[in-house]
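> I would like to see how this sequence folds:
(one chain, ligands or ions: 1)
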Amino acid sequence: WETDNFPWSSEAVAVLNETFKLNTFRPLQKSVINAVMSGEDTIIIMSTGGGKSLCYQLPAVLAKGLTLVVSPLISLIQDQLIQLKKLGIEAATINQGTSAQEVTRIQNAMIDPKSSLRLIYVTPEKLAKSKRFMSKLEKSAELKCLKLIAIDEVHCCSQWGHDFRPDYKFLHMLKKQLKGVPVLGLTATATGNVLADVKAILGVETAIVFKAGFNRENLYYEVRPKPASNDAVLEDLLELLKGRFKGQTGIVYCFSRKECEELAGELRQNGVTAGAYHAYLEPEVRERCHERWLSGKVRVIVATVAFGMGIDKPDVRFVIHHSLSKSMETYYQESGRAGRDGQPATCILYYRFADVFRVSTMVCTEKVGTQNLYSVVSYATMTSGCRRVAIADHFDETWDESWCNKMCDNCRSGKKASSTVDPLKFLPTAKEIIQSQTTNTKNNSGRVTAPKLAELVHKKLSKTDSRESVEYALARLILDGYLAEDFHFTPYAIIGYVVAGSRRQMPDLSDSSHKRKDNDSIASS
Ligand code: ADP
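Numbers count the residues shown, from 1 in each chain. Reported below is the predicted structural model:
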């Protein structure tokens, strides 16, 4: 589908350049547009920010008819309407707030072959509720005014997905009632069973599915050990910002609002123009910070996860995570804001053992919170092997180290075979300490937190092993289920203690075949 031999190909490029003011298509956009314009039912799976909207907005202009867009949130619809208006593309929405007069105007336009209305946005609730609107749509399809149905966040159809919405089930009638109109489903997340479910529900079993590969070949992935003291972290960061990234623009993601403000202040004191961005700022302040960064007045934006949606600066040269993200998905998305222009860019994650437990006590109440967190920890503690393998695993894709092109720290330094200590070596000592801490004291007050456990294990073994290798090993033992976190809720905080594992049977340490298996999983995870 990725060719320029379709009757509309040259016009598609002209619309891209002149109407959308964009230079080139991003990966898969052209294919999806060609499939949709050919009348095929199509599904596109592409991470957030990849550019899915263009896959129906551009055909909407090209087809010179009407496109129905089903979108879950009125706020998202409003954002798109504002953008389209700026581009001079006529679009509308009907919701509870729309005046009767406006509804009539829109509904007339929907069945007028000469109308210049290109997109009509509705929520699934609106479709489910309004029979009148549905019958206008049917008429529009009969008259061949309606050219395409785009369904955003299409995974919401499926109960298997993480985001099921009952009103999406109703969309099964679109394909039946609006005969001959192709459907385009868009989503950032759809595993195999969700996809099959979505196809069955929408009645688009033969849909062509395009899945954007996770790989961003211009991004260099690196994990840096995070020093124990904040001063030392700052020093390391300043060295990067004034050395390797001198004069370049980027983002530093922090754990909390407080950390964000402190770090931005410290960077400024040290001569780096930096602005803090988090959810607690007044909207105007936040917007000004964003704008100063976009225009290059501020070189570094120091942000929490609040800095996300709608960020599209093409020349971001680095994204540094000052703390762990809470999931691989989040890390991939946040780090993926680097290098949108296709030029080389760097993604650095600062990792220290203690940070895991800061995040885990925060996410332990979420259903799969710790599981998601451990996938990033697994990425961060890979001492060998291609980092893209961990990312690929997360997105159910296969990856071969030889494709990395030395674009991650491990591939660049040539660390292939597992060169570090065997984590199981530390298990007996760890268990011994956990047991002594738990049973020797009254009221269970001797329960041991992970950083404390690392300290005590290291104390015992300091003659032979570094603190770093102890921390690395303990993290692996937790990831692999030999040790587990046990969360306790107090009125003031959630505390995570380490206990002997429960997720997996204790291994027989004398069994070398087990060890080998485990080492493999360490090397490849
Ligand atoms: P998604 O829906 O996949 O999350 P969007 O459609 O919102 O992503 O697009 C994200 C950003 O990428 C938008 O700011 C959009 O203008 C920009 N974009 C989309 N396609 C292109 C392109 N071909 N070239 C440059 N920027 C693009």
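> contacts for stretch 69-88?
Outside stretch 69-88, the residues that touch it by Cβ atoms under 8 Å, 6 or more residues apart in numbering are 19-21, 53, 56-57, 90-93, 95, 119-124, 127, 149-153, 156, 165, 168, 171, 310. No exception for glycine: its C-beta is placed from N, CA and C like everyone else's.
> output the below-cut-off pLDDT ranges for this structure.
For the chain, applying pLDDT under 70 flags the ranges 161-162, 309-310, 415-420, 439-446, 502-525.
> who are the contact partners of the closest residue to the ligand within the stretch 301-450 of the chain?
Distances between the stretch 301-450 of the chain and the ligand by Cβ to the nearest ligand atom are smallest at D312, namely 3.6 Å. Applying Cβ under 8 Å, 6+ apart to D312 gives the contacts G49, R340.
> buried set for the one helix or strand A475 maps to?
A475 is part of helix 467-479, with elements assigned from DSSP states H and E. Residues of helix 467-479 classed as buried under the neighbour-count rule (16 or more other Cβ atoms under 10 Å) are R467, S469, V470, E471, Y472, A473, L474, A475, R476, L477, I478, L479.
> of the residues you listed, which are in range of the ligand?
Among the buried residues of helix 467-479, none lies close to the ligand by the criterion of Cβ under 6 Å from any ligand atom.
> quick check: closest non-adjacent residue to N215.
Nearest residue to N215 in three dimensions, chain neighbours excluded: R388, at 6.4 Å (Cβ to Cβ, 6 or more residues apart in numbering).
> so who does that neighbour touch?
F214, N215, Y221, W399, W403, C404, M407, C408 are the contacts of R388 under Cβ under 8 Å, 6+ apart.
> what's the answer for V252, then?
The contact partners of V252, by Cβ under 8 Å, 6+ apart, come to L237, L263, A274, V300, I301, V302, A303, V319, I320, H321, H322.
> and the one helix or strand it maps to, what's buried?
Using DSSP H and E, V252 maps to strand 250-253. Neighbour-count burial for strand 250-253, counted by 16+ other Cβ under 10 Å, picks out G250, I251, V252, Y253.
> pull out the buried residues from the helix or strand containing V359.
According to DSSP H and E, V359 maps onto helix 353-363. By neighbour count on 16+ other Cβ under 10 Å, the buried set for helix 353-363 is F353, D355, V356, F357, V359, S360, T361, M362, V363.
> try stretch 33-40
Here stretch 33-40 shows I33, N34, A35, V36, M37, E40 as buried, counting by 16+ other Cβ under 10 Å.
> how about stretch 488-498?
G496, Y497, V498.
> kindly report the same for stretch 385-405.
Neighbour counts using 16+ other Cβ under 10 Å place 385-395, 399, 401, 404 of stretch 385-405 among the buried residues.
> let me know the closest of these to R288.
For those, the minimum distance to R288 (Cβ to Cβ) is 34.1 Å, reached by I391.
> who's in contact with I120?
By Cβ under 8 Å, 6+ apart, I120 lies in contact with L66, T67, L68, V69, A91, A92, T93, I94, I106, M110.
> D112 too?
Each residue near D112 by Cβ under 8 Å, 6+ apart is listed here: C145.
> show the end-to-end separation of stretch 109-116, please.
With Cα to Cα, to the nearest Å applied, stretch 109-116 spans 8 Å between its terminal residues.
> return the distance of it from the chain's centre.
Centroid separation between stretch 109-116 and its chain, computed with Cα atoms, centre = their mean, to the nearest Å, is 39 Å.
> any idea how far V61 is from the ligand?
The gap separating V61 from the ligand is 14 Å, by Cβ to the nearest ligand atom, to the nearest Å.
> that residue reaches V15, doesn't it?
Yes. Look at V61 against V15 with Cβ atoms under 8 Å: they come within range, at 5.2 Å.
> near the ligand, which residues of the stretch 51-200 of the chain?
Within the stretch 51-200 of the chain, the positions adjacent to the ligand are G51, K52, S53, L54 by Cβ under 6 Å from any ligand atom.
> residues contacting the nearest residue to the second one once chain neighbours are set aside?
Going back to what we said before, that points to K52. Nearest non-adjacent residue to K52, counting by Cβ to Cβ, 6+ apart: L186, 4.6 Å away. L186 sits next to I43, I44, M46, K52, C55, Y56, A150, I151, D152, E153, V154 when contact means Cβ under 8 Å, 6+ apart.
> can I get stretch 329-339 as PDB, trimmed to CA atoms?
Extracted C-alpha coordinates of stretch 329-339, given in PDB (Å, rounded to 0.1, in the frame of the first residue of the first chain):
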ATOM      1  CA  GLU A 329       4.300   2.100  27.800                       C
ATOM      2  CA  THR A 330       4.800   5.400  29.500                       C
ATOM      3  CA  TYR A 331       8.600   5.200  29.100                       C
ATOM      4  CA  TYR A 332       8.200   4.500  25.400                       C
ATOM      5  CA  GLN A 333       5.800   7.300  24.900                       C
ATOM      6  CA  GLU A 334       7.700   9.900  26.900                       C
ATOM      7  CA  SER A 335      11.100   9.000  25.500                       C
ATOM      8  CA  GLY A 336       9.500   8.800  22.000                       C
ATOM      9  CA  ARG A 337       9.000  12.600  22.100                       C
ATOM     10  CA  ALA A 338      12.700  12.800  21.100                       C
ATOM     11  CA  GLY A 339      13.700  13.000  17.500                       C
END
